[in-house]
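Student: Okay, structure incoming, though there's no sequence with it:
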C-alpha cells in the first residue's frame, strides 16, 4: 500500500468508526467534495467539518462495512494521486439493514505534512438516462 492509499484507508476507517476528526484530518484545507446525498458541492475543510457535525448530530445511517467491488484503481504521479472504483456499503438505516454500491473517486495531493484528499466524489448512476438536450441539473 502506498502513502496515498493509506490516506484513503484511514479515511474509510474513520467513517466506519464514526470518528469525524480522523476523517477531517485526511482532507486538504481547500478540498472539494461532491458527496452522495442532498449536498451538491462542499468546498474547504471547514465546510467538511460542518457537514460532519450535521452527520454526527443526526446520522441517517450507521455504516457496518465497506467492500470494493471494482477497484480500487489508481495511480501516483509526482505530488498527485487518483483513486477510483465502486464501493459496496453495508449500513443500518431506519428501514433496517441495507447495502448499496456507489462510485468513489478521489484526487490526493502530497503536501508538506503528507498526502491529503484534495477532491472527493461519491455518487450513484441515475435510474433513467437523460434525454438529449435535457439539463442534468435541476
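Tutor: Yep, that arrived. The structure presented is a predicted model; accordingly, all values stated were derived computationally and were not measured. Numbering: from 1, shown residues only.
Student: quick one, phi psi at residue 118?
Tutor: With angles defined as degrees, to the nearest 10, residue 118 sits at phi -90, psi -30.
Student: The closest residue to it other than its chain neighbours bridge partners, please.
Tutor: Closest residue to residue 118 apart from its sequence neighbours, by C-beta to C-beta, 6 or more residues apart in numbering: residue 109 at 4.2 Å. To be clear about C-beta, it is placed using only N, CA and C from the backbone, and glycine gets the same treatment. With DSSP bridges as the criterion, the beta-bridge partners of residue 109 are residue 80, residue 116.
Student: Please give me every residue in contact with residue 109.
Tutor: Shown here is residue 109, whose contacts under the criterion C-beta atoms under 8 Å, 6 or more residues apart in numbering are 28, 79-81, 115-116, 118.
Student: Name only those of those that count as buried.
Tutor: Those of the contacts of residue 109 that meet the buried threshold are 28, 81, 115-116, 118, by 16 or more other C-beta atoms under 10 Å.
Student: Closest to residue 68 out of the residues you listed?
Tutor: Closest approach between those and residue 68, by C-beta to C-beta: residue 81, at 16.4 Å.
Student: Contacts only, for that closest one.
Tutor: Residues counted as contacts of residue 81 (C-beta under 8 Å, 6+ apart) are 2, 4, 74-75, 107-110, 115.
Student: Residue 61 now?
Tutor: Under the criterion of C-beta under 8 Å, 6+ apart, the contact partners of residue 61 comprise 91-93, 98.
Student: Generate a ChimeraX selection restricted to the buried entries among those residues.
Tutor: To isolate the buried members of the contacts of residue 61 in ChimeraX, using 16+ other C-beta under 10 Å:
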select :91
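Student: which one is residue 40 nearest to, not counting chain neighbours?
Tutor: Spatially, and ignoring its direct neighbours in sequence, residue 40 is nearest to residue 34 (7.4 Å; C-beta to C-beta, 6+ apart).
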